[in-house]
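A.B. asks: coords below, sequence missing:
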């Protein structure tokens, strides 16, 4: 659901939905339609995705079963994991790939140390 993902991105970034739309020069009148399941035009999706440094696919992919995604406190989630997730959402796809390579290397190191 587009609106749910948009809402999560805004909350995670500490910015209001209206502020994002103002920053990308898009009117706020579509928000209520989005809440009801509608989606914005492709150019608006692209502008929102660019604003958050994510792809349009990352913005639009999701499902209604992910309802706890915006409320990590409702799950048993480590606060450090939440911080890491919030930071990575702000990275460009290129930097996300670099970070992934580094995280995989750290995981291998951890596994190696636990084998000793």
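C.D. replies: Here it is on my side, so go on. In this text, all values refer to a predicted model and were calculated from it rather than measured experimentally. Residues are numbered from 1 along each chain as shown.
A.B. asks: all helices of this structure, in order?
C.D. replies: With helices called from DSSP state H, the chain shows them at 2-13, 17-23, 31-35, 42-52, 56-60, 79-88, 93-115.
A.B. asks: tilt between the helix or strand bottoming out on mean pLDDT in the chain and helix 2-13?
C.D. replies: Scoring the helices and strands of the chain by mean pLDDT, DSSP states H and E places helix 79-88 at the bottom, with a mean of 77. Helix 79-88 and helix 2-13 are oriented at 110 degrees to each other (axes from the mean of the first three to the mean of the last three CA atoms, to 10 degrees).
A.B. asks: contact partners of helix 79-88?
C.D. replies: Taking CB atoms under 8 Å, 6 or more residues apart in numbering as the criterion, the residues outside helix 79-88 that touch it are 12-13, 72, 96, 99. Backbone N, C-alpha and C define where each C-beta goes, glycine included.
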